[in-house]
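Asker: structure for the following, please:
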Amino acid sequence: MARVICHLDRLLDARNLSLAELARRVDMSPVNLSILKNNRAKAVRFDTLTRLCVALDCQPGDLFEVVVESPASTQRG
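Answerer: Numbering: from 1, shown residues only. The predicted structure is shown next:
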């Protein structure tokens, strides 16, 4: 199984930026950014991704990573 991990927290720390300030800059609610930051979002619109990348001076690959989990790590025992 694979999943997408958001590294928004890492980028915010590296830029000494608060979630509230980023929300203001990209015209999003802090709640929606928090959902993204905590890996609970199911989808991200391209315009949102573009605004985040511009505000954080990054590329989509800096913000997101695909992690492939081994079958053993996804089984419950």
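Asker: so who does Cys6 touch?
Answerer: Cys6 makes contact with Leu36, Lys37, Asn39, Ala41, Leu63, Phe64 under the criterion CB atoms under 8 Å, 6 or more residues apart in numbering. Bear in mind the C-beta positions are built from the backbone N, C-alpha and C, glycine included.
Asker: restricted to strands, list those residues.
Answerer: Phe64 (DSSP state E).
Asker: and of the contacts of Cys6, the nearest to Leu52?
Answerer: In terms of CB to CB, no member of the contacts of Cys6 lies closer to Leu52 than Leu63, at 6.3 Å.
Asker: how about the helices of the chain, start to end?
Answerer: For the chain, the helices defined by DSSP state H occupy 8-14, 19-26, 30-37, 46-56, 60-63, 71-74.
Asker: just tell me which of those helices ends up closest to Ala2.
Answerer: Short answer: helix 71-74, nearest of the helices of the chain by CB to CB, at 10.3 Å.
Asker: what about stretch 7-27, distance to the chain center?
Answerer: Centre-to-centre, stretch 7-27 and its host chain are 10 Å apart (CA atoms, centre = their mean, to the nearest Å).
Asker: quick one: average pLDDT of it?
Answerer: Per-region confidence: stretch 7-27 scores 97 on mean pLDDT.
Asker: tell me the buried residues in it?
Answerer: Neighbour counts over stretch 7-27 (16 or more other CB atoms under 10 Å) mark His7, Leu8, Leu11, Leu12, Leu19, Leu22, Ala23, Val26 as buried.
Asker: could you do stretch 44-61 as well?
Answerer: For stretch 44-61, a neighbour-count test (16+ other CB under 10 Å) marks Thr48, Arg51, Leu52, Cys53, Ala55, Leu56 as buried.
Asker: please apply the same query to stretch 32-48.
Answerer: Within stretch 32-48, the residues that qualify as buried by neighbour count (16+ other CB under 10 Å) are Leu33, Leu36, Lys37, Ala41, Thr48.
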